[in-house]
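K.L.:
sequence and computational prediction follow.
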Amino acid sequence: MYKVYFENRFNERIFLGEAKSEEEIYQVIKNDISVRAQPNFKWYYTRVRTTESGEKIYDVGSHTEFYIAMPC
């Protein structure tokens, strides 16, 4: 189980929802992008890295904003 957050350029984390699997994490991210992003934002790639504490950080093309999945 993961708690999924959006981290803005001010390092503020906004809770988006919970996910049971990697597929569900991507669905939460996809739903948020469709609401939050500018209408012409294209999600071309995703880079994922895992921190030592187990957080998964998803880079979807922004230099300053990320999605974070924290195990719970």
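P.N.:
Sure thing, it's come through. Numbering: from 1, shown residues only.

K.L.:
and the strands in the protein, which stretches?
P.N.:
Using DSSP state E, the strands found in the chain span residues 2-7, 13-19, 47-50, 56-59, 66-71.

K.L.:
export the ones you listed to TSV and tack on distance to Ile29?
P.N.:
Where you see a C-beta, it was placed from the backbone N, CA and C, and this is true even at glycine. What follows is those, written out as TSV (distance: least, Cβ to Cβ, whole Å):
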stretch	distance to Ile29
strand 2-7	7
strand 13-19	8
strand 47-50	11
strand 56-59	6
strand 66-71	5
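
K.L.:
for Val28, which non-adjacent residue is spatially closest?
P.N.:
Spatial nearest neighbour of Val28, chain neighbours left out: Val4 (4.5 Å); criterion: Cβ to Cβ, 6 or more residues apart in numbering.

K.L.:
now do the helix or strand bottoming out on mean pLDDT in the chain against strand 2-7, angle only.
P.N.:
Ranking every helix and strand in the chain by mean pLDDT, DSSP states H and E puts helix 22-36 at the bottom, with a mean of 92. If you take axes from the mean of the first three to the mean of the last three Cα atoms, to 10 degrees, helix 22-36 sits at 30 degrees to strand 2-7.
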